[in-house]
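J.: the following comprises the amino acid sequence and a computationally predicted model.
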Amino acid sequence: MNQPSPACKPAHIANTDVEAMARQGVARALAARQAMMEMTPEEAAAVGGGLTLALAKPIIYGGLFTKLDVMNLGGLSSPIGF
Amino acid sequence: MSGPNTLMCPSADPDGAGAVVFGLIVGTPEAPETAYLEETQAVTPELLALADPVAPADMFRFGARCLRGGCAHWEAERAVCRFGEKTVRLAPAVVTVVPTCALRANCRWWHQEGMAACQRCPQVIRTGAIGHSEVRQAADPRVA
């Protein structure tokens, strides 16, 4: 795995600067949103072992969680041969 | 002193239990990164309004109480957060100097993964559809 260069230092911000920095960051966040890539059902199936789940939110990060809606169980087969 | 049941998730929602802000997302749309606050800050309506019209998690990093078994990333058998574990395994280190982080003392990932998590944390964006692909993979509970 590539290691970061020694110049890669984390950014820090004073609490008093949060408001000003946040206002500047809205444009960045909007641009990121416009460029975002959602997983298609096919991509979700590829990483989900054939069970397609539609997430009510894009991706589950830490914290909880939203309801999972099972969209397609038709491809499942019983491993014990009912 | 933090006990195992009082640790904080560093990739939480603003409405999580005990939620605080510990970072602001800066950088570019292609390469967002976290700027760490000197001190954690309370989540207030005024602060959340700063993100309008985007989601607060597009703008801020929130820490909140780790839900352990209430979270899809929790592996009860080993009592570990798999999101933190996978972030260390899948995502590259992006800093050599560990950030001065106001959440660290209580951070689940720090307690579990140590400095390796902190070297990768700046690239973690909770809003999963944006940000770095390795982090998106780590954040997907379906990915082993």
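T.: Looks like it came in fine.
J.: I'd say residue B:36 and residue A:14 touch.
T.: No. Under the criterion of Cβ atoms under 8 Å, residue B:36 is not in contact with residue A:14, lying 10.7 Å apart. C-betas here are computed from N, CA, C, even on glycine.
J.: so which of the two has more stuff around it?
T.: Ranked by neighbour count (other Cβ atoms under 10 Å in any protein chain shown), residue B:36 and residue A:14 place residue B:36 first, with 21 against 11.
J.: residues touching the more buried one, list them.
T.: Under the criterion of Cβ atoms under 8 Å, 6 or more residues apart in numbering or on different chains, the neighbours of residue B:36 are A:10-13, B:22-23, B:99-102, B:122.
J.: do residue B:135 as well
T.: Per Cβ under 8 Å, 6+ apart, neighbours of residue B:135: B:87, B:90-91, B:120, B:123-125.
J.: would residue B:24 count as being in a helix?
T.: No. Counting by DSSP: H, G, I helix; E, B strand; the rest coil, residue B:24 is not found in a helix; it is strand.
J.: which residues sit against the longest helix seen in chain A?
T.: Criterion DSSP state H: the longest helix present in chain A is helix A:18-35. Residues from elsewhere that reach helix A:18-35 (Cβ under 8 Å, 6+ apart): A:13, B:21, B:24-30, B:32, B:35, B:37, B:41, B:47, B:50-54, B:58-60, B:130-131.
J.: ok, stretch B:6-21 next?
T.: With Cβ under 8 Å, 6+ apart, stretch B:6-21 has contacts from A:18, A:61-64, B:22, B:37, B:40-43, B:47-48, B:56-57, B:60-67, B:71, B:81, B:83-84, B:103, B:106-109, B:111, B:121, B:124, B:126, B:139.
J.: rerun at 7 Å
T.: A:61-63, B:37, B:40-43, B:47-48, B:56-57, B:60-66, B:83, B:103, B:106-109, B:111, B:121, B:124, B:126 (Cβ atoms under 7 Å, 6 or more residues apart in numbering or on different chains).
J.: pLDDT (mean, whole number) over that stretch?
T.: For stretch B:6-21, mean pLDDT is 94.
J.: what lies in contact with the lengthiest helix in chain B?
T.: As assigned by DSSP H, the longest helix anywhere in chain B is helix B:82-90. The contact list for helix B:82-90 (Cβ under 7 Å, 6+ apart) reads A:61-62, B:11, B:73, B:75, B:108-109, B:112-113, B:116-117, B:120, B:124, B:134-135, B:137-139.
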